[in-house]
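J.: Output the structure for:
(one chain, ligands or ions: 1)
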Amino acid sequence: MNRRGEYVSSADDTIERECDHCEWHAVAGSYPELIKRYQDHLRDEHPTTWLRS
Ligand SMILES: [Zn+2]
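T.: Purely as a prediction, here's the structure:
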């Protein structure tokens, strides 16, 4: 193990979002992209939740 190879706690590069309703998750480079992907997922997979939100 070299020191520079250890875990880096950088939230800047990629952001991850898990679905509250299933196992789905997405990784994106920006919050707007991630929100869009999550909303697309809700609309497709959880239309009831999508309509209520
Ligand atoms: Zn889901």
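
J.: so, in contact with the ion or not, whatever helix or strand residue 17 lives in?
T.: Following DSSP states H and E, one finds residue 17 within strand 15-18. No: shown here: strand 15-18 not in contact with the ion (Cβ under 5 Å from the ion), separated by at least 8.7 Å. C-beta: built from backbone N, CA, C; applies to glycine.

J.: which of the residues in that strand are buried?
T.: In terms of neighbour count (16 or more other Cβ atoms under 10 Å), strand 15-18 has its buried residues at residue 17.

J.: Quick check: mean pLDDT of it?
T.: In this model, strand 15-18 has an average pLDDT of 92.

J.: neighbouring strands for that strand, and are they parallel or not?
T.: Partners of strand 15-18 in the sheet, by DSSP bridges, are strand 25-28 (antiparallel).

J.: is it true that residue 50 touches residue 43?
T.: Yes: taking contacts as Cβ atoms under 8 Å, residue 50 lies within contact range of residue 43: 4.6 Å.

J.: Contact distance from the ion - what residues of the chain qualify?
T.: Close to the ion, as judged by Cβ under 5 Å from the ion, the chain has residues 19, 21-22, 24, 45.
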